[in-house]
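J.: sequence? don't have it. structure:
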């Protein structure tokens, strides 16, 4: 095995997951940026040392941390062997560089594990969406090796879990260049996301400090006042409801998320916002080894049938099991499994649902439409309008 020292580029793919959500994110790079980050770095060092046969690979790690690293190393070697690759063919901590059209260096990143058309990244924290980071490594490797498809895996040591992706070049380019364009845009704007706690701008970020006048007053940058009628009264007017939803999604919801973030930070620091009580809850229990569940509970006297009746199944896991057992194409397996489960009465699909997605140009379209008279004939009949008016009068 080969090993190279790790390093970081200003546009490293390791930052892509955060930039995919907020292009203004900048990680805290001080000694106070948290013990979790330093422990994760120590585990990555232990992984590289153990997979390259160096002594004292786990020095300084706790027993749990060592077991997490050992699981990733053993699982990675096992997966490589299943594809015909020997341990000596696995490369560790290798730099992957993406060059521009003029052979200028766009970015580089350090891939934890690489062999053949496969790249793997080790994670020792909670599961997150690292697809963007894997796309960054994948595109650089495809350009370097002349490949059109990469098999990418994220190993979660704490959870003994593997998330696999098949990434084609078109997808990688769309993800990578999209993130780079947003990150380097002079007009980028911050967005509240799951990475706010690790951002050096969190104390001054405009997304987290959205003023209340953005919610209740007229904005200079959007010439629409908050409608004074209720959503019920506007129930038959798609223009007014569109304006309400746009204002909610653009100003009210981000402002509310900022309030939620600030109050949660206050509660974590030992204080609580007036009118609220902090209630501690246990972390979610994640069962990642069904075989051990069966072994532990059957040894305790629980019948196997009772355990099977209580087991939870996901379509993803069942489709993967069906695919491996029958050789069914991966894309067809979910539909095949669903058909089998529905036909046997083991499952039933609920009613169809939907979600509303804010469209590009919505602001201009709504503003133009609001120039016409508002359709106040919004309720189904006069009797219902009268009843609602009376109800509102009694609640004031």
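T.: Sure, I can see it. It should be emphasised that the depicted structure is a prediction, and the values quoted were computed from it without experimental measurement.

J.: so residue 298, which of the three states?
T.: Of the three states, residue 298 takes helix according to DSSP: H, G, I helix; E, B strand; the rest coil.

J.: that one: neighbouring residues, count only.
T.: For residue 298, the count of nearby residues is 13 (other Cβ atoms under 10 Å). (Glycine included, C-beta is placed from N, CA and C.)

J.: what helix or strand does residue 113 sit in?
T.: If you go by DSSP states H and E, residue 113 is part of strand 105-115.

J.: swap that for residue 93, sorry
T.: Take DSSP H and E as the rule and residue 93 turns out to sit in strand 91-99.

J.: and that strand with strand 105-115, angle?
T.: 150 degrees (axes from the mean of the first three to the mean of the last three Cα atoms, to 10 degrees).

J.: for the closest residue to residue 141 other than its chain neighbours, what are its contacts?
T.: Leaving aside its chain neighbours, residue 141 sits nearest to residue 96 (5.5 Å; criterion: Cβ to Cβ, 6 or more residues apart in numbering). Residue 96 makes contact with 108-111, 114, 119, 137, 140-141, 144 under the criterion Cβ atoms under 8 Å, 6 or more residues apart in numbering.

J.: filter those residues to the buried ones?
T.: For those, a neighbour count by 16 or more other Cβ atoms under 10 Å gives the buried set as 108-111, 114, 119, 137, 140-141.

J.: picking that back up, who does the residue nearest to residue 141 bridge with?
T.: Per DSSP bridges, the residues bridged to residue 96 are residue 109.

J.: give me the pLDDT for it.
T.: For residue 96, the model assigns a pLDDT of 95.

J.: how about residue 326?
T.: In the prediction, the pLDDT value recorded for residue 326 is 88.

J.: check the offset of the helix or strand hosting residue 259 from the chain's centre.
T.: If you go by DSSP H and E, residue 259 is part of helix 253-268. Mean-position distance between helix 253-268 and its chain equals 19 Å (Cα atoms, centre = their mean, to the nearest Å).

J.: any idea of the mean pLDDT for it?
T.: Mean predicted lDDT for helix 253-268 stands at 80.

J.: pull out the buried positions in that helix.
T.: Those would be 254-255, 257-258, 261, for helix 253-268 by 16+ other Cβ under 10 Å.

J.: considering those, which is situated nearest to residue 160?
T.: Distance to residue 160 across those (Cβ to Cβ) is lowest for residue 261, with 31.1 Å.
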